[in-house]
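Chemist: Let's see this in three dimensions:
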Amino acid sequence: MLDDAPVGGGGLAGTPSSLLQDALAGAAVAETPRTTARAIVEACVERLNATASGFYSLDLSIGAYVPFVPPEGVAKIEVPVSSLEVPDEQISDLSQLLSAAKGGAGGAVAGVAVYALRGDSCIGVLRLDGLDRSGIDAQTRADLFAITRLLGLVYENEFAFNLLTKLQQPLDVNKADRDFFDSIAKLIKEASGMEYVALREHRGKKLVCIALDGFGDQPELSEWDFEDLSEYEDFETALFAKTTVPASRLDPKRHAALMSHRWSKNVRSFVAVPVKVGNEVFGVLSVAARCEFDYSEVELRGFESIANAVGVSITNFRNSRRLGVRIGEYLETAMAVTGLEVARSVKHEAHNYATIANTGLRNLWVKLGRPEHDPDIEYVSKALSDLDLVLKQITAAPSSVAPGDWQRVSLGEIWAQARTAVAGRLQQAKIEVKAPQGDAEVLARPDWLRQVFLNLLLNSIDAFQDAKRTGRRIDFQINPPSQRAREIQVTYSDNATGINPHRLQVPPGSPDLPVEQRIFQEGVTSKHGGSGFGLWLVRHVLDDHHASIDLSNYRGGVTFVLRFPRPEEAEAMLARSA
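Modeler: Modelled structure (predicted):
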């Protein structure tokens, strides 16, 4: 079939391009997950002379396959996951897909359906109308399977794309408790894409439900409380081991027992996620779907980011009640910054998938008897790399939340706002925070600069959890510049435990750097269960402000020195970069 195909625009000069090459060439110029998927599908339609097509992805919130790339000229159908049977050969006649459609969309329609699998889960179906299944040769079949794998990757990035968009929504804290928690549950449901949501707080020896969505009207929420945690090993693990637990990792008997409960009547898969603020876990978020599903690392990491954002939001909401302070702007910043972790995770996952796909394609070429150094292999390798870069751009775009306009601000004022946001935790931990003696004006984006100070404060609060000493103290000193000085210097210090170089958790392959440099590297943390993004983000934000941060002491506490340019110099640098 491919031998007689015309030369496509994506191939090497003078050589026929393959179906997969055409799909990759289209994907490499797309800008969003959906336009990427559309480009891949349209390449298949054009190359295979299909008359209508589409990619149906799994929507966990309704347990059905719905058009991700809507087919043109045909009715939009919904295929309940319970009615779809994936054949062993991963490809079927189109009639098999249509007969399973909701509303009886069957009929004598020629074509094929190619199923995209992740583990044991079908995450989507590539629909190609007007094709004769018997006329598809081995090479085309192999290309179609590779294409469904790429569409599966785009499906994951759509999840992250939606997640980041939802997490950037500000929350109104000027509400009654019940209304606020209802809005939290709604946000979780929208961001996770799951049908069922339950948020439980740890009180004494039980988990008490504080937010619920998707289960219908329930007269009493008390029946959703978990009185005896020993019966719920998965929630115990999430709460005390601070580990995310998907249902797929449970013992089959345990899974079956959970599904037999009346509160899980329609639930077939779920994830239990610890809700953390810093390194402190105060509850468990559970999200669930009505179909069995093999969650990817991107999705699990996404659920964790939702839980982190929710933990920060609830803590700030309660602080605002206790302190009488409206801090909605802090919530927006905190949730958006948490979303950065998802974006970076997705980029890493996209790279892994591209590497796997590239290796698999090379092996395929060898098995088909092609020369090991066939130029097509190099083309496909480059196309996969291009796709990887585009996906990175996709995930980077929504993570760049507009943090407000540049303006001259008081360092002392921004510091006071950050300190107020965590005043409840500082008081609980009995930490004295001294007000700065001086003050200075800098050019900044206030939301991001406030986040710098918040991250430093939260790190210190976590460090004091392991410090038994009394007289806990955090100092923040602003040294206004003299007339000749070109920079403003700020000193931040605490007298907690400092940093033990031997306890630093460092990602594999990280460069061997001194402690003073290593702690600012991505993924490096001194906290059990820490993300390693806190200080990395601090340096990243300060770099954007043409400022810097250095660790000058890490024994018996920490001391950071921050340096900012004078506002007039910062304005000049900003003008030049524009």
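Chemist: switch to C-alpha atoms for all contacts and neighbour counts from now on
Modeler: Noted.
Chemist: can you pull out the helices in the stretch 101-250 of the chain?
Modeler: 138-167, 177-192, 233-240 (DSSP state H, counting those that start in this stretch).
Chemist: Those: which one's closest to T559?
Modeler: Of all these, it is helix 233-240 that lies closest to T559, at 31.4 Å by CA to CA.
Chemist: quick one: buried residues of the closest one?
Modeler: 234-239 (16 or more other CA atoms under 10 Å).
Chemist: can you tell me which residues contact V45?
Modeler: By CA atoms under 8 Å, 6 or more residues apart in numbering, the contact set of V45 is 51-53, 128.
Chemist: hang on, the earlier thing: mind putting the helices of the stretch 101-250 of the chain into JSON lines with mean pLDDT and distance to R268?
Modeler: Below are the helices of the stretch 101-250 of the chain laid out as JSON lines (pLDDT from 0 to 100; distance: least, CA to CA, whole Å):
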{"stretch": "helix 138-167", "mean pLDDT": "83", "distance to R268": "20"}
{"stretch": "helix 177-192", "mean pLDDT": "88", "distance to R268": "16"}
{"stretch": "helix 233-240", "mean pLDDT": "86", "distance to R268": "15"}
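Chemist: Present those helices as JSON lines; the columns should include distance to A547.
Modeler: Shown next, in JSON lines, are the helices of the stretch 101-250 of the chain (distance: least, CA to CA, whole Å):
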{"stretch": "helix 138-167", "distance to A547": "27"}
{"stretch": "helix 177-192", "distance to A547": "34"}
{"stretch": "helix 233-240", "distance to A547": "39"}
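Chemist: G311: which of the ones you listed is closest?
Modeler: Closest among those, using CA to CA: helix 177-192, at 10.3 Å.
Chemist: what does the closest one contact?
Modeler: 159, 162-167, 172-173, 195-199, 210-213, 287, 302-303, 306, 310.
Chemist: Just name the closest of the buried residues of helix 233-240 to Q437, please.
Modeler: L239 (41.6 Å).
Chemist: re earlier: show the buried residues in the contacts of helix 177-192.
Modeler: Applying 16+ other CA under 10 Å to the contacts of helix 177-192 flags 159, 163-167, 172-173, 195-199, 210-213, 287, 302-303, 306, 310 as buried.
Chemist: Now, these that are in strands?
Modeler: With DSSP state E as the criterion, strands contain 196-199, 210-213, 287 from among the buried ones among the contacts of helix 177-192.
Chemist: And E487, how far from E441?
Modeler: 11 Å (CA to CA, to the nearest Å).
Chemist: hang on, the earlier thing: so of the contacts of V45, which ones are in strands?
Modeler: 53, 128.
Chemist: With distance to L97 and neighbour count as extra columns, can I get the contacts of V45 in TSV?
Modeler: Converted to TSV, the contacts of V45 look like this (distance: CA to CA, whole Å; neighbours: other CA atoms under 10 Å):
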residue	distance to L97	neighbour count
T51	17	16
A52	15	20
S53	13	25
L128	11	26
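Chemist: which neighbours do E487 and E441 share?
Modeler: Shared contacts of E487 and E441, counting by CA under 8 Å, 6+ apart, come down to R566.
Chemist: Pull out the buried residues from stretch 480-488.
Modeler: Across stretch 480-488, burial judged by 16+ other CA under 10 Å covers 480, 487-488.
Chemist: Checking the residue nearest to P507 when sequence neighbours are not counted next. Helix, strand or coil?
Modeler: Leaving out its chain neighbours, the residue that sits closest to P507 by CA to CA, 6 or more residues apart in numbering is G523, at 6.1 Å. Secondary structure for G523, judged by DSSP: H, G, I helix; E, B strand; the rest coil, is coil.
Chemist: G523: how many residues sit nearby?
Modeler: 19 (other CA atoms under 10 Å).
Chemist: Same question for V154.
Modeler: V154 has 21 neighbouring residues, counting by other CA under 10 Å.
Chemist: Check the gap between it and T35 for me.
Modeler: With CA to CA as the criterion, V154 and T35 are 10 Å apart.
Chemist: Save the buried residues of stretch 480-488 as TSV, and put in distance to S577, secondary structure and pLDDT too.
Modeler: Listed next are those as TSV, based on distance: CA to CA, whole Å; DSSP: H, G, I helix; E, B strand; the rest coil; pLDDT from 0 to 100:
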residue	distance to S577	secondary structure	pLDDT
P480	26	coil	80
E487	19	strand	90
I488	21	strand	94
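Chemist: just checking, next helix/strand downstream of the helix or strand bottoming out on mean pLDDT in the chain?
Modeler: Ranking every helix and strand in the chain by mean pLDDT, DSSP states H and E puts helix 375-399 at the bottom, with a mean of 51. Going down the chain from helix 375-399, the next helix or strand is strand 407-410, by DSSP states H and E.
Chemist: For the very next helix or strand once past that next one, C-alpha coordinates in PDB please.
Modeler: Per DSSP H and E, the first helix or strand lying C-terminal to strand 407-410 is helix 411-421. Provided in PDB are the C-alpha atoms of helix 411-421 (Å, rounded to 0.1, in the frame of the first residue of the first chain):
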ATOM      1  CA  LEU A 411      10.600  45.100  49.800                       C
ATOM      2  CA  GLY A 412       9.400  45.600  53.300                       C
ATOM      3  CA  GLU A 413       5.800  45.600  52.200                       C
ATOM      4  CA  ILE A 414       6.100  42.500  50.100                       C
ATOM      5  CA  TRP A 415       7.800  40.700  52.900                       C
ATOM      6  CA  ALA A 416       5.000  41.700  55.300                       C
ATOM      7  CA  GLN A 417       2.400  40.300  53.000                       C
ATOM      8  CA  ALA A 418       4.300  37.000  52.700                       C
ATOM      9  CA  ARG A 419       4.700  36.800  56.400                       C
ATOM     10  CA  THR A 420       1.000  37.400  57.000                       C
ATOM     11  CA  ALA A 421       0.100  34.600  54.600                       C
END
